[in-house]
Structure formats: C-alpha cells, structure tokens
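Return a 3D structure for these sequence lines:
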Amino acid sequence: MDEAATPRLPPLRQVIAAHGLTARKSLGQHFLFDLNLTGRIARVAGDLGQGTTIEVGPGPGGLTRALLDAGARQVIAIERDDRAIAIQQEIAAAYPGRLSVLAADAMAVDLASLGDAPRRIVSNLPYNISTVLLIGWLRRAEAFESLTLMFQKEVVDRLAAVPRSGDYGRLSVITQWRCEVRPQFNVAREAFTPPPKVLSTVVRLIPRPQPLAPARMETLERVTAAAFGQRRKMLRSSLKSLGDADAPAGRRRDRSQPARRGGIGGRILRPGPGGGWDLDQDGLPRRCRMKLATSCPPAGGGACELMVRLIPELPVRSTSCRSLGEFVSKFRARSGKRRDAFGDD
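Next comes the predicted model:
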C-alpha cells in the first residue's frame, strides 16, 4: 500500500496504555510492538490482495495494521478479549470496509466458513492453545490457501521434523500429511511483551492438493497418538489398544460368524492352546501388524515421508510353531518372494 494512504494511528504502546491492555497469562498473550517485525510476517504471508485474511488473537493490533498496510483486501480478526476488541474497532474505523472484528473464541469458530475464498490464516497464536487450533484447521486444510503462523520454536521443529529425528512425532505426521511445512524465521524473546520463556518461529503451511496418502483424519490422529504416545514401548505394543476400531465398518469381521474361506491361501494365524502359534485353514487372515516405513528422496531432494502399512500375517502350510519368530523363520525358508513383508519394525 502507498505510504501516503496509510492511516495515521497512535503508537501501539500508547494504545494499550489508553485501553489498559496488559497481557493475560490465562489467554496466552504475548504482544508484538515492533511494526517492522509484524510487517515482515505480513510479507511472508504472500499476496493478500484477493480473498480473506483471517487473524486469530490480534491483541493490540500490530499485526492487523501490518496486514492492512500490506494490501489485504479483507481482514477478519477474531478476538475474545473485550479490551482488545475496542482497539480493533478503532483500527477498523481507520481502514473503512476492510477490517471486520468477530468477538468470539477461535476454538468455537469454523474459520473455513468465513469470508470469500481464497482464505488464509495469518496469526501470532496464543501459545496455550496453538497446537489444538492447528489440528482443528488441518481437518479443513483444503479450505485455506495458506497458514502463516507463529509458534514456539520447539513446536515448529516438530512440524518440520524428518523421520528418525528426535522431534519427529504425531504432529509431524499429521501436519506433513496435509501440508508442506516451510519454516521462515525466528523471533527473539525480547520482541514480545511480556517476553515468553522460549524462542518463537514463524512458519508457513501450504495445504497439499491431496493428502500424501488416502486416510481418514480421525483414524490418523488415533494411530499416531498410540504410536508416539509412549516412545519407550515397542510399536507393536503401543498399537494393541486400537484393535479393530479403525477398520471400515463394512470390512470388520463379525466374530460370531464362522470365518469365510478364501483370501491369501485361505489360512489364518491364531494363538495355539500351548501358547504357540497354530496355522488354521478356516478362512481369511484376520491378524495384522502395522509397519511404519519411510520413503526418502535422494540427498537434497526434500523431506522424507511416512508410510503406514497394515500387513496381514501371511500363511504357510499347516504347521505349529512355538513362537512367532519360529513361524517367520519357517515362512522365510519356504517363500523368499514375500520375505520383505516381515521387515523389522
């Protein structure tokens, strides 16, 4: 926007003094007063001249001003603090027709239904609810052009983490499944009032046209929560709690009915009466294990991707084994073609 057309507004510190706006810990508030910094965030968000820009928790309005000055056609600010709402209304008066203030809790608002498309979210999020908000928005990621957000640095490290790294976990899998993660720059503690205890980072999330793999969001949330919830446990043990709960309704087996014949060799694997493993010829395989695998491009080719595979316990000729390990050994000896199905977890 032309500097001459930029409305003259009082300095932010003067504004908060006039309105008695002090940061409240219960709301996770940390205010940004450096307009050069808020302007940098607005520039990172890309072209704001089309559609709707949504800001959550604008507080004294430093970032709101920067978005409007950067040419945002329409800004919707969602704020639950009455003291900050009054400040936002003053900014709206200085930018007629371009700023709408929604007095509400962002946790209860469907951002995907606000304003005209393309929609984007640009926000310095309240740290105490930032990841909860993010997960909710990822469920409707297709509704947004981009999400430019500020988190604690440790959260962004988890969002962008690659497999086999210490930061890789549930948040990494879910976010990278729906979005490209592009960390932008760090923000020092001293830039905020009051200063938080940790470094902050601005990150840009670009929703993918399609998720990395077909899956239901609720299923992926449950599986990753179980897989990464107790990192010291074996993955097989962590996933036992899921059972058949996430199988499609039409494919869950009614265990009160006899098993059908067919499937992979028509055999299933069941624990035997002596604690070993017996191979039966009653019907379809119904015991599966989950294998988490990664697919990594050549060096410098981008981030690794996570693959989740459900692998049925493959059949062999009728026999009895004292342990699953013995079963696997016998299977490998008889069928080298499917040896990769029993790769290490």
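
At which residues are the strands of the stretch 101-250 of the chain located?
Ranges of strands in the stretch 101-250 of the chain, per DSSP state E, counting those that start in this stretch, are 119-124, 144-152, 179-187, 192-193, 200-207.

Spatially, what comes nearest to residue 109 if we skip its sequence neighbours?
Leaving aside its chain neighbours, residue 109 sits nearest to residue 78 (5.9 Å; criterion: Cβ to Cβ, 6 or more residues apart in numbering). The way it works is simple: take the backbone N, C-alpha and C, and place the C-beta from them, glycine included.

hang on, the earlier thing: can you tell me which of the strands of the stretch 101-250 of the chain is most buried?
Across these, averaging neighbours per residue (mean count of other Cβ atoms under 10 Å) puts strand 119-124 on top, at a mean of 25.

pLDDT averaged over it - what is it?
Over the span of strand 119-124, the pLDDT mean works out to 97.

So which elements touch that strand?
Applying 3 or more Cβ pairs under 8 Å, 6 or more residues apart in numbering; DSSP states H and E, one finds that strand 119-124 makes contact with helix 35-44, strand 52-56, helix 62-69, strand 144-152.

and these as JSON lines, adding distance to residue 102 and mean pLDDT?
Converted to JSON lines, the helices and strands packed on strand 119-124 look like this (distance: least, Cβ to Cβ, whole Å; pLDDT from 0 to 100):
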{"stretch": "helix 35-44", "distance to residue 102": "20", "mean pLDDT": "96"}
{"stretch": "strand 52-56", "distance to residue 102": "9", "mean pLDDT": "98"}
{"stretch": "helix 62-69", "distance to residue 102": "13", "mean pLDDT": "97"}
{"stretch": "strand 144-152", "distance to residue 102": "17", "mean pLDDT": "97"}
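
Burial-wise, tell me which of those comes out on top.
Of those, the one with the most neighbours on average (mean count of other Cβ under 10 Å) is strand 52-56, at a mean of 26.

Who does that one pair with, and is each partner parallel or antiparallel?
strand 75-79 (parallel), strand 119-124 (parallel) (DSSP bridges).

Let me know which of those is the nearest to residue 187.
Proximity to residue 187 (Cβ to Cβ) singles out strand 119-124 among these, at 8.9 Å.

how far off strand 179-187 does the closest one point, in degrees?
30 degrees (axes from the mean of the first three to the mean of the last three Cα atoms, to 10 degrees).

which residues does the residue nearest to residue 109 contact?
Residues in contact with residue 78 (Cβ atoms under 8 Å, 6 or more residues apart in numbering) are 54, 55, 56, 57, 58, 102, 104, 106, 109, 111.

The fifth one contacts residue 77, correct?
Yes. Because the distance of 4.4 Å satisfies Cβ atoms under 8 Å, residue 58 is recorded as touching residue 77.

More neighbours: those two, which one.
Using other Cβ atoms under 10 Å as the criterion, residue 58 and residue 77 rank with residue 77 on top: 28 against 25.

returning to what we had before: dump the helices and strands packed on strand 119-124 to JSON lines, plus distance to residue 88.
What follows is those, written out as JSON lines (distance: least, Cβ to Cβ, whole Å):
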{"stretch": "helix 35-44", "distance to residue 88": "15"}
{"stretch": "strand 52-56", "distance to residue 88": "9"}
{"stretch": "helix 62-69", "distance to residue 88": "7"}
{"stretch": "strand 144-152", "distance to residue 88": "19"}
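
Out of the ones you listed, the one nearest residue 193 is which?
Proximity to residue 193 (Cβ to Cβ) singles out helix 62-69 among those, at 10.5 Å.

What is that closest one packed up against?
Counting contacts by 3+ Cβ pairs under 8 Å, 6+ apart, helix 62-69 packs against strand 31-32, helix 35-44, strand 52-56, strand 75-79, helix 82-94, strand 119-124.

Distance to residue 146 for those - can I get that in JSON lines?
Below are the helices and strands packed on helix 62-69 laid out as JSON lines (distance: least, Cβ to Cβ, whole Å):
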{"stretch": "strand 31-32", "distance to residue 146": "20"}
{"stretch": "helix 35-44", "distance to residue 146": "10"}
{"stretch": "strand 52-56", "distance to residue 146": "10"}
{"stretch": "strand 75-79", "distance to residue 146": "15"}
{"stretch": "helix 82-94", "distance to residue 146": "23"}
{"stretch": "strand 119-124", "distance to residue 146": "5"}
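
out of the ones you listed, nearest to residue 242?
Residue 242 lies closest to strand 119-124 among the helices and strands packed on helix 62-69, at 31.7 Å (Cβ to Cβ).
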